[in-house]
Structures are given as C-alpha cells and as structure tokens.
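Student: have a look at this fold, sequence not included:
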C-alpha cells in the first residue's frame, strides 16, 4: 500500500507561465520514457521478481518515480496557470488545450496519449533489469533534450534534479543486475528465466 | 481565468486560525523545506541500503536522518500542518485538506 506525503520531493517554483515549455516538458509525464511509464514498469515488475533484495529496489525506485511524476505535473500546472485564451490561440499548446484545457493529462510531446506499450514487464528478472537500465538512460537523454531546449532557470532547476535521479537509479539497477547474476543457479549457464524456473521447479536444459 | 493556479486565500486564513501551536505560514514553509531536504537524503540512503544492506555507515546515517525527519514532521503536525492524512493531530478540526497543495506555486514560495 501507499501513503501520500503532502510535500514535493523537490520544490517547483515557476514564476513565469509558458505553455510552449509545458508542451515540451509534458513528454516526461506521459511520453515513452516518462515518469508514469517508469513507475508502472518497476512497480509491476516486482511480482515476478524471485530475489527479495531486488524486489525492494523495484518497490523503492518505483515509489520514487511516483514522486517524480508529481514533480513533472507540478511543473506543468505552474507553467499553464493564469493563461488567457489570447495567450493560447495560435501556439502549439492550443491543440492540447482544446482537449484538456489546463488539466494535467499524460501525453507525449508529440501529442500521443500515454500507452502501457512503453512499459516492459517480461516476467524474467534479467530481461526486466536490462530493460530498466535502458529505461533510466532513455529518461536521462530526454531530460538532456529538455535542458537543450529550455532556458527558464525555474524550469531547469527541478529538471536537473530529475535528471540526476535517473543516474542514481541507473546505479542501483546496476547493483541489482550484479546481485541477480551472482545468485543464479550455477548450472543455469545461459541465465534463462530464473523466476519461472523457480516457480515450476523445472530446469532448463 | 482558466487555471487560477493559486490557493484560495481563505484556506491560508483558516489554517492560521485553527492551528494548535501558532506558527506563521513562513515558518511552516521553512520547516517543510527542511523536511524536503531530510526526506530526500532519506530516500537516497534507503536506495543505497537496498543495494548495500551490510553498510553500517549507511545504516547509521539512515537512523540519524530518520530521527531528524520525525522531529520536523512532528513539529509541523502539532502546528496544524499534517504531512499525511493519518497525522491530523487536532481532534476538533480537519486540517488535512487545507491548501495550498504541494503542486501549487504558493506551497513552494
């Protein structure tokens, strides 16, 4: 279960609303490498994880991703506050606005709504952890791209924090994959599906 | 106005009126910032301990942070700023839903 704490993990204080920046940052809410996908990926991979220590890493990183989802949503909410229809008409934000007003809805920057297709849950520990390592790097690259496009220091500050967390999560998933490989059945030479094998008590030949 | 983006002023006033121990909004925000810093260190230390459970140094750091975090959290709760819905200290007033909420600019100023 989860308990909500009434504070952001990192403060978001955006003085100047700017819907065009919101149009870019929104990809980290509902895009292919965004925080919604990240939290769903790790929190759903937990159930087929045969190693208690790694289940802990998936739970705690997945939970932190929910806090990051809230930070990105706060950035979007503050960037789109106090806008008048005149400030929206003719901007790239207009197409989002017509469907969602100033609500925070998970879509990619391209306008494609969030899709669980972005999330890999293969039910195989090593496959899933390799997916997670790639996912953290893809999210880091997306934050790098946002930093290449956005000048406002109020937006860059929390984006830099989120980018750094991707790097820390990558380190922890690196620890997790080492833990998994060190604890494989030594006969399982090809490192195949340890969770399924344990459940069925069958050895892969 | 499509997205007013700011807490109802009445929320802040009612927050002041109903507080058990009296602290100003400015003081509360300072304490929340302090809590954010402690809690972030705690989150990072927890992830480290997940991967390195035998690190006595990290475990010691974890307990230090936890003690500090609890102190600040308790002070906020007793002043009428519950951090979780299960820590609404007042037996006469429901403070949990008082604004501003964390995503609003006013909560971060």
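Tutor: Right, received. Where do you want to start? Please read all numbers here as calculations on a predicted model, not as lab measurements.
Student: so where's the chain shaky on pLDDT?
Tutor: Looking at chain A here, since you left the chain open. The model of chain A has pLDDT under 70 over residues A:186, A:188-205.
Student: to clarify, I was referring to chain B.
Tutor: In the predicted model of chain B, residues B:1-21 satisfy pLDDT under 70.
Student: if I've got this straight, residue A:73 is in a strand?
Tutor: No - per DSSP: H, G, I helix; E, B strand; the rest coil, residue A:73 lies outside any strand segment and is helix.
Student: over to residue 43: give its phi and psi.
Tutor: Since you didn't name a chain, this refers to chain A. Backbone geometry at residue A:43, expressed as degrees, to the nearest 10, gives phi -70, psi -20.
Student: for it, give its distance to residue A:69.
Tutor: To residue A:69, residue A:43 is 12 Å away according to C-beta to C-beta, to the nearest Å. Glycine gets a C-beta too; all of them are placed from N, C-alpha and C.
Student: so the closest residue to residue B:105 other than its chain neighbours is in which element?
Tutor: Closest residue in space to residue B:105, ignoring its immediate chain neighbours: residue A:78 at 5.3 Å, by C-beta to C-beta, 6 or more residues apart in numbering or on different chains. Element membership of residue A:78 [criterion: DSSP states H and E] is helix A:52-79.
Student: tell me the gap between that helix and the middle of its chain.
Tutor: 7 Å (C-alpha atoms, centre = their mean, to the nearest Å).
Student: again with stretch A:133-147
Tutor: Computed by C-alpha atoms, centre = their mean, the chain-centroid distance of stretch A:133-147 equals 10 Å.
Student: could you do stretch A:181-188 as well?
Tutor: In terms of C-alpha atoms, centre = their mean, the centre of stretch A:181-188 is found 30 Å from the chain centre.
Student: in the helix or strand just after the helix holding residue A:78, what's buried?
Tutor: Sequence-wise, the next helix or strand downstream of helix A:52-79 (DSSP H and E) is helix A:85-88. The neighbour-count check on helix A:85-88 (16 or more other C-beta atoms under 10 Å in any protein chain shown) flags residue A:88 as buried.
Student: quick check: the residue of chain A nearest chain B.
Tutor: Of all residues in chain A, the one sitting closest to chain B is residue A:81 (2.6 Å; C-beta to the nearest C-beta).
Student: ok so, going back, residues near the residue nearest to residue B:105, how many?
Tutor: By the criterion of other C-beta atoms under 10 Å in any protein chain shown, residue A:78 has 25 neighbours.
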